[in-house]
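> can't give you the sequence, but here's the structure:
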């Protein structure tokens, strides 16, 4: 693992400095990096996705433990630095570009490089953490539900550092101000484990917030419980579009495409009072609501 001085020197030699627009905060506390690796429990036969490898401090450790590492770096200058350092390792696939293809999909080139199964281990840039976690969970559900479909990757485990408030959002329960779409997806599709907090002093440059290590394991039983993930997401997005309004009004949103009477029947079947707010509805109730609607004819 690289010390702070080593990271500084590598960047200086390349004529580079951390770029705020890419959310570059280099984690150099070796004890916390070791904890991240410990929680990740990397198997020698696994393919690992690392997003934002930077100067390669974590990358080197991943290469020593995994079968393959797919490292995705959006900063092309850092990508060249990493390629010069580690590009000769046949276990490394280095991709320069955005890991995301929009807000709701992973870059096809990344998926092609990963194959059908992988784990995520990364010091995630803050600005992509929430959508990336949601995409990995959704993609894993689809891969489990449709194993013959091409272009899908199953993520058995995600282990990453993230802004503390994002970690709170991932683990939020009903009634919390942090409770929303990603909280419900995590609760229904995975099991979350919150690791140690990371102070700003563990990064360079120092971020303005505390971070946290998080581990998410995909729940293989989720596929047997949830009938249609698209319907689940649709219902949650409709409900939380105006989270202070009563849940029954979600079907009245423009473009909802849900018959009002059918929605009322679905609420009753899920044991949800029409007058409650979206943040008071449990993940399990959203599951029942989505399953009922998935089996009902469209409006």
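Ah, there it is. Computed from a predicted model, the values in this text were never measured in an experiment. Numbering: from 1, shown residues only.
> Pretty sure residue 156 sits against residue 217.
Yes. Contact criterion Cβ atoms under 8 Å: residue 156 and residue 217 qualify, at 7.0 Å. C-beta: built from backbone N, CA, C; applies to glycine.
> and stretch 101-111, how far from the chain's centre?
Averaged C-alpha coordinates place stretch 101-111 at 12 Å from its chain's average position (Cα atoms, centre = their mean, to the nearest Å).
> buried residues in it?
106, 107, 110, 111 (16 or more other Cβ atoms under 10 Å).
> Quick check: phi and psi at the nearest residue to residue 167 once chain neighbours are set aside.
Using Cβ to Cβ, 6 or more residues apart in numbering and skipping residues adjacent in sequence, the residue nearest residue 167 is residue 212, 4.1 Å away. The phi and psi values for residue 212, taken as degrees, to the nearest 10, are phi -150, psi 150.
> Near residue 212, how many residues? Count them for me, please.
Residue 212 has 21 neighbours, counted by other Cβ atoms under 10 Å.
> thought it was touching residue 199?
No. Assessed by Cβ under 8 Å, residue 212 is found out of contact with residue 199, at 10.5 Å.
> how close does residue 64 get to residue 56?
Residue 64 sits at a distance of 12 Å from residue 56 (criterion: Cβ to Cβ, to the nearest Å).
> Surely residue 3 and residue 26 touch.
No. Residue 3 sits out of contact with residue 26 when judged by Cβ under 8 Å, with a separation of 10.9 Å.
> So for the two, which sits in the more crowded spot?
residue 26 (21 against 11).
> Tell me which residues touch the more buried one, please.
7, 18, 54, 55, 57, 123, 203, 204 (Cβ atoms under 8 Å, 6 or more residues apart in numbering).
> Quick check: the fourth one vs residue 264, distance?
Computed as Cβ to Cβ, the residue 55 to residue 264 distance reads 56 Å.
> same check, this time on the third one
With distances taken as Cβ to Cβ, residue 54 is found 52 Å from residue 264.
> Hmm, residue 231 and residue 295 touching each other?
No. Residue 295 is beyond contact range of residue 231, at 9.5 Å (criterion: Cβ under 8 Å).
> Looking at those two, which is more packed in?
More crowded of residue 295 and residue 231, by other Cβ under 10 Å: residue 231, with 19 against 11.
> State the helix or strand in which that one lies.
Per DSSP states H and E: residue 231 is located in helix 229-240.
> What is that helix packed up against?
helix 129-145, helix 181-189, helix 283-294 (3 or more Cβ pairs under 8 Å, 6 or more residues apart in numbering; DSSP states H and E).
> how does the chain divide into domains?
Following automatic domain parsing, one finds the domains of the chain at 4-223, 229-294.
> Turn those domains into JSON lines, including mean pLDDT.
Output for those, formatted as JSON lines (pLDDT from 0 to 100):
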{"stretch": "domain 4-223", "mean pLDDT": "96"}
{"stretch": "domain 229-294", "mean pLDDT": "96"}
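> Residue 64 and residue 56: which is more packed in?
Each of residue 64 and residue 56 has its neighbours counted (other Cβ under 10 Å); residue 56 has more, 25 against 12.
> okay, now residue 69: neighbour count?
28.
> Please point out which parts of stretch 250-258 sit buried.
Buried-residue list, stretch 250-258, by 16+ other Cβ under 10 Å: 250, 251, 256, 258.
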